[in-house]
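**Student:** the following block contains a protein sequence and its predicted model.
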Amino acid sequence: MKRIFTRIVFLALLFLSSFALAQNGTITGKVIDATDKQPLPGVTVKLSGSATGTQTDAQGNYTISAPANGTLTFSYIGYANQDVTINNRTTIDVNLAASNKSLEQVVVIGYGTQRKRDVTGSIGNVSGAELTKQPVQTPTQALQGKVAGVQVLGSGQPNAQPQLRIRGTGSVLGGANPLYVVDGVLTDDIRNINNNDIVSIDVLKDASAAIYGVRGANGVVIITTRKGKNGPPVIRYDANAGFRELSNRVQMANRDQYINYLRDASPNDVARDVAPLTTPGTTDWYDAVLRKGLQMSHNLSLAGGSEKTTYFFSANAFTDDGLIKTNSFDRYSFRSNIDVKITDNLTFGTQMSLTRSNERPVPLSGVYSNVYRAAPIIPAQDENGRYGNTSIWGNLGNPLLSLNKTNNQTINNRVQGNVYLEYKPIKSLTLRTALNADAYWNKQRNYNAKFAADGNIFTVAGGQQFSNFSTLFIQNDQSFWTVWDNTATWQQSFGQHNLTVLGGFTQEYIKTDLFSGSRRDVPEDPDLWYLNTGNPDVGAVYANSGTLFRRLSYLGRINYSYAGKYLFNTSFRADGSSRFSKKYGYFSTFGAGWVISQEDFLRDSKVISNLKLRGSWGQLGNDNIAQGLFITTVQPNLPYFYNNSLTLGSAIQDIKDPNLKWEKTTQFDFGIEYGFLNNKLTGEIDYYNKKVVDALTNVTLPAILGDPDALFVTNAASYRNSGVEFAIKWSDKIGKLNYTIGGNINYNKNEVVGLNGGQALLGGSIGNQGNITRTDNGQPIASYYVLQQTGIFQNQQQIDAAPSYNLGGYGKSIGGMVYADVSGPAGVPDGVVDSYDRVYAGSYQPKYYGGFNIGLDYENWDLSADFYGNWGNQIYNGRKAFRANALDNIQADYANNRWTPTNASNTDPRTIPQNMPASTYFVESGAFLRLNNLTLGYTFPAEMLKRIKINKIRVFAASQNFFTAKRYSGFTPELIPADVISSGVDLNGYPTTRTFTFGLNVEF
Amino acid sequence: MKSLYKFSTITAMTALLVGTGYSCKNSLDVNPQGEITEAQIISDPNVASNLVTGIYNIFFAGDAFGNDVRGFQFTVLGDIASDDADKGSTASDYGDANTIDQLTANGNNGVVNNIWKGYYQAIARANQALSQLQNAQFDATVKNRLIGEARFLRAMFYFNLVRIFGGVPLLDRVPAASEANSPQFQTRATAEDIYKFVIADLTFAAENLPVIANNSADVGRASKGAAQALLSKVYLYNKDYTNAYAMSDAVIKSNNYSLLADYTLLFRQVSNNSKESIFEIQAGQNLACNAAIDRFTVAQGPRAGGKNGWVDRGYGFNNPSQSLVNEFEAGDVRKNATIITINPSNGANSVGTVLYDGFRIPTQDSVQNQRYNYKAYYSRQAEPNCGNFDRLPKHVMVIRYAEVLLIHAEAALQTGQGGIAQSDINQLRTRAKVPTIGIPTLQQIWHERRVELAMEQDRFFDLVRQDAVQPGRAAAAFAADGKTWNANRALFPIPQQQIDLSGGLLKPNPSN
């Protein structure tokens, strides 16, 4: 009773006093996040120069009484403060911008979190809101250009996982991709993660990843999914739909250009250009095989909670049909994240996702490369549905027919998540046990229909494209992966001293099992696509195999800071892995930091708001290879016949290294974090030096050892990546316009510093040109090692004066290539151009890469643009170089530029015969700059929505890859390599796409 | 005091956690799943015999145009490179075979690399089996027989290598990977050393292998006769005519082999493992339908061209040359058994070319080439197959009785026994339905050799051998085929990839 009385009196006094000061009015409004437009509850709203203040409610709304000429200050942890003059308004809505590099921001550091300002390692962070702006399948695709030092190689192929390179390529075989950790689950594949579920992505770029020991060498990408918050249920619906189309189309030669080329390249074949095998017009094979593909995503989520329980549920449907006809991909994912406080010191929680995807893939190497090769004079299909017979003309299958006669399907089901129990026996100690699991059941079904090379299928019968019988291939593939984490974290402050000690162990168990079967003569009706309907007696094949793999690791970490100024941390991990004969590896790291801006002499600086020096050193490992590579195995069941009866033999032939061990990375990092002018200008600069020794390598063996694929896995190389990362961001506003401009650039030097035994690694095999990359001491990984083209022979005199050629039948001719004689068997020019004259001609490893982003916010409108690019790398135009057949089509630009008696080109040869050796002619610049994402959004005014009880509606239009500026003449300068030592060799890549989407975000 | 309590709690908890983990330490020893390890088979009594069967299986090696032992790429070297055959197919198809046909291939040629890889893979299998056999504890006769089979096969592999490349690295055991770049294994032995090694292997085999009759359960395995026959050929290449005579004579005197009466049936499925066959590569049908040499027959099958419009039988490579056609005497039945001749169009009366199984190839205007290799043809309608046209179960002859007679004749002539040579040659001529001759000259024996063994992947090597006996032979023969011979071409180039991988220890051939 007394309390109520006091309040009334207080309010009355307040009322009176304000009355006395000025004409006080009631001001209402809503505070939302400037980026994701989510309401912000708990924001402090204060009248400047007074004690008057309030907080926003769960919907971000506030009411405050203030004079019309006053100023309101909005403040919230993790966001930049904002002062707004009232200026006689009664409604003031505020967009509060997250101060991205804010001191209070928390980053995930593996088995724990830390305030960004206490971190001594180099950690990049991207919020979920930034990721969901981009209509892409995987969150890593959306990372492109966002984090300094992270290179993302994307592809237009549905369900392709982008490849990440953190601070350069540091491994050849052990996989150059980072480790992904999704809510504690370690994985290599995050294609199951719904972008909308992500609250943040943290990238451990330096030795701080050593807490993941043998998995950390390529960096660690930690993905944290959303959890519910205490408050009423919030329902969100996010959708976008659009289409993808081919970007950067390469124009192929038309009929006339092609026939003109053949007159020079294969004159005998020109006479074969007769109907009905050929068509009088030009066939555009890309038109015949490509289309616009649908892309669509629908996402529904529900979040909320009470003091004891919080929850987050989501469901997502994602469709990406891709560009190539018959290709399609659908993914459905569900998530449930729940946390329950059982008692004050005991918490139970679970984060679970369930994903099912259904894909109809297309065989790229067979079909898609044929689209490039197919002659423009062969019809794709006639009006009766009969196909042009490309195999009669140029010995390749009609790609459209191949697509239509193939029906492959891959269904993936995956459950990923964890359950954990957290116990705090005393305030400073947290004991946590978590069981993380990742299980999948995949089914692959490939059906190849039967068809003959006859007149029903083809316009002209004959050739080598036929299928004697239908085949059905079924494969069931399952994997069960568990990680059991047990950690104890002790956190205590002694005055100015802060200490956090972590200790624990983790156990991993991975079991996979694969069962496949294949039968023939299965009918064409999809309802009958089961092995039972096929022929059991002829050509029936079954196979079953599996892997088992275990790891056991102990880890510890100490973080210490004094007065928030002096920082120190060290971590240690001992990792045991069943993949090696020498099981255990030990990895440690040390880091230190000095927050200069916390020192007295800077604390009150108006200019410098944050300045920190930090450094770290550590060792990390990589064991990302197959199980059992050090154990010699036997190949059984090799058939032979004695007196016509089948006898099975065996062979021991794969060469194994019994002493296989980790590859070890030692990384040094020195960084400066800065913030100026109240953190309007923020950023980081890092220098790093990362050396990998004992790198696991697929060494090509001399054939004399008899290994069937002549490959051998061993610790045979050392690499170094060193470089500088620079990130900067400016956020401010002009009137009602909030804007952010940020950018990052990374300079990286990739170098092979040691090869055990001195054997260079050869990769990038292109037909007759052989291996065109060479990974050798002092060169970047997978450097092109080819002849130097210096021009084109214009006349006989030049030919007579030139050195002789010993190039596998490729001789000197007018209009042919001039190659430099740079060396010989004795190391000096010898008057003969041969394999001794190969030179290093660059690599796909970029010298510079980075991105810049612009964000604008004007009243209800928002616009953002993200650019990404790289410079200083080269691509080997393998499509152009690989003449599988002399009758393969050529690019229109080459057709126009090539040497002819009337076009005296000094760059492009008259013809590209099959025996033309690899040379710098095919090496092109890989530099590009791309407008990765362009988004324009409009958020409906909150007052308008109040009446229909909707918190928020935002509509947007976005384009992914709106344009790419590039110098490469092929489809895309972004190439996902089949293996690291073949990087940059463009052969069969899926075309890159441009996406246009429209979307909607609704929140109830 | 309180913090001491906390500290002990943490220590206790940590100790507990670490302790739990420690107990699982041994679980890190994990065997490969579903793969038999070398250690596991040592105790298997069948391991040695299985490993020997595994050597024979290498004949089926490789995927399309991959590692090759006696597949189509060996045909490129033995036939296409010679004056017996042209590359064939369309002009542009298979550039690597084209440069070999034109005698211009260098070390980057894929065919020589695939052959090199295939043969060393085969040798590694033989060495692996031999190393297991050394340790095996069982009956000495059985053991020596298995060793004999492995050594026979190894000798055959080295014999082909030395004929193709000259001296090559000599491996008599499986080296460890760490020895991969040791000079011992990378350096080329001399051709003489290789021949010595081959002779030692074959001599052992001849002494320890049993005679195998053509109705025995062991047909297909290396036999005493096979070892002696191959040895006689090896001696012939070494101009050791006395031993060549002795070994071929032993084969003849064994009375285990004879000529098949009808030459035209020799290369058909009905004549598999006939009494004329001494060593032939087996093939058959298994459930996976892959138990045959990859693409040997389809690569050489008739190919549609021109007007097309028929379902053809292959890629059209390895066309018998005009020079070979000219070599046959009138009435020689071997000509039409060796060569499929495509007939020109004759208007409405065109019958095309009808093969023995009734398959009709249309006239020239719908066919890519003029001639095809009948000996490599496998009928899809008259002979059994399981539907895999890339691996039709065609047996491939390595050495047959007719060749032993030819070796016998040549060795006899060179050792002054002309009458014996005459009788050997006339056995072949009689079967071929051409007139018998008197005491033959060396040229006549070589003519007989060419027509008898045409398109059997022997001609190129034999021509090089003849050229060593009688310089100028090769130049004349190639000139008759429209090619220019150069002595540097007697040996094929060493694969550049292998030279690179050896760090330059492997030295090139003049043709590189």
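**Tutor:** In hand now; what should we look at? The structure displayed is predicted, hence computed values, not measured ones.

**Student:** what sits up against stretch A:605-618?
**Tutor:** The contact list for stretch A:605-618 (C-beta atoms under 8 Å, 6 or more residues apart in numbering or on different chains) reads A:101, A:103, A:117, A:119-122, A:206-208, A:210, A:567, A:571, A:587-597, A:602, A:666-679, A:682. No exception for glycine: its C-beta is placed from N, CA and C like everyone else's.

**Student:** if we ignore the residues flanking it in sequence, what's nearest residue 497?
**Tutor:** The chain I'm using is chain A. A:Tyr562 (5.7 Å; C-beta to C-beta, 6 or more residues apart in numbering or on different chains).

**Student:** oops, I was thinking of chain B
**Tutor:** The shortest distance from B:Gln497 to any non-neighbouring residue, by C-beta to C-beta, 6+ apart, is to B:Asn113 (5.5 Å).

**Student:** okay, now the residue nearest to A:His497: neighbour count?
**Tutor:** Neighbouring residues of A:Tyr562 were enumerated by other C-beta atoms under 10 Å in any protein chain shown; the total is 13.

**Student:** what's across from it in the sheet?
**Tutor:** Counting by DSSP bridges, A:Tyr562 is bridged to A:His497, A:Tyr566.

**Student:** what separation do you get for it and chain B?
**Tutor:** Separation of A:Tyr562 from chain B (C-beta to the nearest C-beta, to the nearest Å) stands at 18 Å.

**Student:** with A:Asp438 instead?
**Tutor:** A:Asp438 is 19 Å from chain B, where distance means C-beta to the nearest C-beta.

**Student:** hey, what's that residue bridged with?
**Tutor:** Bridge pairing for A:Asp438 (DSSP bridges) gives the partners A:Gln416, A:Trp481.

**Student:** pretty sure it is touching A:Arg414, no?
**Tutor:** Yes. Applying C-beta atoms under 8 Å, one finds A:Asp438 in contact with A:Arg414, separated by 7.3 Å.

**Student:** so who does A:Ile652 touch?
**Tutor:** Neighbouring residues of A:Ile652 by C-beta under 8 Å, 6+ apart: A:Thr632, A:Thr633, A:Val634, A:Gln635, B:Glu38, B:Leu51, B:Gln128, B:Gln132.

**Student:** now which of those residues would you call buried?
**Tutor:** With burial judged by 16 or more other C-beta atoms under 10 Å in any protein chain shown, the buried subset of the contacts of A:Ile652 is A:Thr632, A:Thr633, A:Val634, A:Gln635, B:Leu51, B:Gln128, B:Gln132.

**Student:** contacting residues around the last one?
**Tutor:** Put plainly, it is B:Gln132. Applying C-beta under 8 Å, 6+ apart, we find B:Gln132 in contact with A:Ile652, B:Ile42, B:Val47, B:Ala48, B:Leu51.

**Student:** and the host helix or strand of the residue nearest to B:Gln497, average pLDDT?
**Tutor:** When elements are assigned from DSSP states H and E, B:Asn113 belongs to helix B:110-135. The average pLDDT for helix B:110-135 rounds to 93.

**Student:** now do the buried residues in that helix.
**Tutor:** Residues of helix B:110-135 classed as buried: B:110-130, B:132-133 (neighbour count, 16+ other C-beta under 10 Å).

**Student:** do you know how far whichever residue of the stretch 101-250 of chain B sits closest to chain A is from B:Leu51?
**Tutor:** Evaluated by C-beta to the nearest C-beta, the stretch 101-250 of chain B has B:Ala124 as its residue closest to chain A, separated by 2.1 Å. To B:Leu51, B:Ala124 is 11 Å away according to C-beta to C-beta, to the nearest Å.

**Student:** on the pLDDT front, check the residue nearest the centre of chain B for me.
**Tutor:** Here the mean C-alpha position of chain B is nearest to the C-alpha of B:Arg70 (C-alpha atoms, centre = their mean), at a distance of 2.7 Å. Listed pLDDT for B:Arg70 reads 94.

**Student:** show me what contacts it?
**Tutor:** Residues near B:Arg70 by C-beta under 8 Å, 6+ apart: B:Phe59, B:Ile281, B:Ile293, B:Phe296, B:Val396, B:Val398, B:Gln457.

**Student:** where does it fall, helix, sheet strand or coil?
**Tutor:** Put simply, B:Arg70 is coil when judged by DSSP: H, G, I helix; E, B strand; the rest coil.

**Student:** how about the residues of the stretch 251-400 of chain B by chain A?
**Tutor:** When proximity is defined as C-beta under 8 Å from any C-beta of the partner chain, the stretch 251-400 of chain B approaches chain A at B:272-273, B:282-291, B:304-312, B:315, B:386-389.

**Student:** show the buried residues in the residues you listed.
**Tutor:** For these, buried by 16+ other C-beta under 10 Å: B:272-273, B:282-291, B:304-310, B:312, B:315, B:386-389.

**Student:** quick revisit: could you dump the contacts of A:Ile652 to a markdown table with secondary structure and distance to A:Asp188?
**Tutor:** Converted to a markdown table, those look like this (DSSP: H, G, I helix; E, B strand; the rest coil; distance: C-beta to C-beta, whole Å):
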| residue | secondary structure | distance to A:Asp188 |
| --- | --- | --- |
| A:Thr632 | coil | 27 |
| A:Thr633 | strand | 24 |
| A:Val634 | strand | 29 |
| A:Gln635 | strand | 28 |
| B:Glu38 | helix | 30 |
| B:Leu51 | helix | 37 |
| B:Gln128 | helix | 35 |
| B:Gln132 | helix | 38 |
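
**Student:** roughly how far does the most centrally placed residue in chain A sit from A:Ile223?
**Tutor:** Of all residues in chain A, the one closest to the mean position by C-alpha atoms, centre = their mean is A:Pro162, 2.8 Å from it. As judged by C-beta to C-beta, A:Pro162 and A:Ile223 stand 14 Å apart.

**Student:** check contacts around A:Thr132.
**Tutor:** Contact analysis of A:Thr132 by C-beta under 8 Å, 6+ apart lists A:Asp36, A:Ala142, A:Asn195, A:Asn196, A:Ile198, A:Asp238.
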